[in-house]
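> here is my input, please return the structure:
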Amino acid sequence: MNPLDIFALIVLIILALSIIAALIIVAMMPGRIAMQRLHPQSEAIAVCGWMGLLTMGLLLPVAFIWAYTSKSPEKSQ
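Prediction:
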């Protein structure tokens, strides 16, 4: 194994770890957004975000949209 093979292996390991870290951060974002906005269903949104990671992104858009919606629109008089 020459030094270039070792360098390539290190680069691949760093790349894999950074992809895993990015996926974890994206899965946490809907729950954190909902908690910052004081959403009444923030725990369910957090679970939806993590389930979105397990379903390969199918539920992530739902979790993000849900995090930005309020429980009921304000009525203007």
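
> next SSE downstream of the helix or strand where residue 30 lies?
Of the helices and strands defined by DSSP states H and E, residue 30 is found in helix 3-36. Sequence order places helix 42-54 as the next helix or strand after helix 3-36, per DSSP H and E.

> list the buried residues of that next one.
Residues of helix 42-54 classed as buried by neighbour count (16 or more other C-beta atoms under 10 Å): 42, 45-46, 48-50, 52-53. In this view, the C-beta of every residue, glycine as well, is placed from N, C-alpha and C.

> what do you get for stretch 61-71?
So for stretch 61-71, counting by 16+ other C-beta under 10 Å, buried means 63-64, 66-67.

> please apply the same query to stretch 29-41.
In stretch 29-41, counting by 16+ other C-beta under 10 Å, buried: 29-31, 33-34, 39.

> for that stretch, what is the distance to the chain centroid?
12 Å (C-alpha atoms, centre = their mean, to the nearest Å).

> just the residues contacting that stretch, thanks.
Defining contact as C-beta atoms under 8 Å, 6 or more residues apart in numbering, one finds that stretch 29-41 is touched by 42-43, 45-50, 52, 60, 63-64, 66-68, 70-71.
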